[in-house]
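Visitor: pasting the sequence and the predicted coordinates here, then a few questions.
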Amino acid sequence: MSSSVLHTEKLCKTFSNGGVQQHVIKNLDIEIREKDFTVIMGASGSGKSTLLYALSGMDKPTLGKVFFGKEDISGYTNDQLAVFRRRNCGFVFQSIHLLENMTVFDNIMTGALVAQKNSPELVKKAEELLRKVGIKEEIWKKYPNQLSGGECQRVGIVRAVINDPAILFADEPTGSLNSSSGRDVLDIFTELHSKGQSIVMVTHDIKTALRGNRVIFISDGSVVGEHEMPVYGSDDLKKRRDGLQDFLDRMGW
């Protein structure tokens, strides 16, 4: 059994909408295990993305605690959270958020820790990662508006992992891509996981969820079920899909 890299205690997140309190996350206890590819699923409005933001320090909980290892990050200031995220987290979103006025390579460098920026070792690492995800050298000096959606997402993944994050967070990373580009991106995630990368991904798509080894289903801001799977590629795909579909059906998906 993997050790815990992140866990919560009685996590709550409430928003005010026109004076009405909306309890999006309710007394939620969750554990993210090291080296797991954890997938968070649930119906629209169930709190999936809100949970992802709270786990990653992008948003503060209303009540409860978030622990990174034994460190309680829920009481951090915004500046402390920014440092925590840069040192420990990588992010890949449906909207890729590359800086339009920077080249591909410069976009990668913006994700680097300040102490490492422009060091020969980091430059070499960035080059190796770009090649690994299929971004050829002639593209490195291009700007995001000159790239396809799939190419932009691959650049985003390299930026997310340039600091060797303890956890890679992804929110619908293939949602805006065609099926071919989406499959390529998922192949990259699968390879990262095979090398020991801890991943937490939100998705509503069963084909995407199949890449994980653990699926957590939430409803109305609470965990209502979990489903374990072998590492992707080590079992029969049809059996894997049928098992996940059966679990989702039982969850009312």
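Guide: Great, that's in hand.

Visitor: what about residue 106, how many residues nearby?
Guide: 14 (other Cβ atoms under 10 Å). In short, each C-beta sits where N, CA and C put it, glycine included.

Visitor: and it, that's in a helix?
Guide: Yes - under DSSP: H, G, I helix; E, B strand; the rest coil, residue 106 sits within a helix.

Visitor: now do the same for it: its pLDDT.
Guide: Residue 106 carries a pLDDT score of 92 in this model.

Visitor: count the neighbours of the residue nearest to it when sequence neighbours are not counted for me.
Guide: Nearest residue to residue 106, sequence neighbours excluded (Cβ to Cβ, 6 or more residues apart in numbering): residue 99, at 7.6 Å. Close neighbours of residue 99, defined as other Cβ under 10 Å, add up to 12.

Visitor: which residues of the stretch 1-150 of the chain fall in helices?
Guide: Counting by DSSP state H, counting those that start in this stretch, one finds helices in the stretch 1-150 of the chain at the ranges 48-56, 78-88, 104-110, 120-132, 149-161.

Visitor: for residue 69, find the nearest of the ones you listed.
Guide: Closest to residue 69 of the helices of the stretch 1-150 of the chain is helix 78-88 (Cβ to Cβ; 9.5 Å).

Visitor: my guess is the residue nearest to residue 106 contacts residue 107, does it?
Guide: Yes - if you go by Cβ atoms under 8 Å, residue 99 and residue 107 touch, sitting 5.6 Å apart.

Visitor: low-confidence bits of the stretch 101-250 of the chain, can you list those?
Guide: 113-118 (pLDDT under 70).

Visitor: redo that, cut-off 80
Guide: 111-118 (pLDDT under 80).

Visitor: could you find the closest non-adjacent residue to residue 27?
Guide: residue 10 (4.9 Å).

Visitor: ok, the one you found - contacts?
Guide: 27-29, 63-65 (Cβ atoms under 8 Å, 6 or more residues apart in numbering).

Visitor: okay if I get the helices of the stretch 1-150 of the chain as CSV plus distance to residue 234?
Guide: Listed next are the helices of the stretch 1-150 of the chain as CSV, based on distance: least, Cβ to Cβ, whole Å:
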stretch, distance to residue 234
helix 48-56, 26
helix 78-88, 28
helix 104-110, 32
helix 120-132, 22
helix 149-161, 23
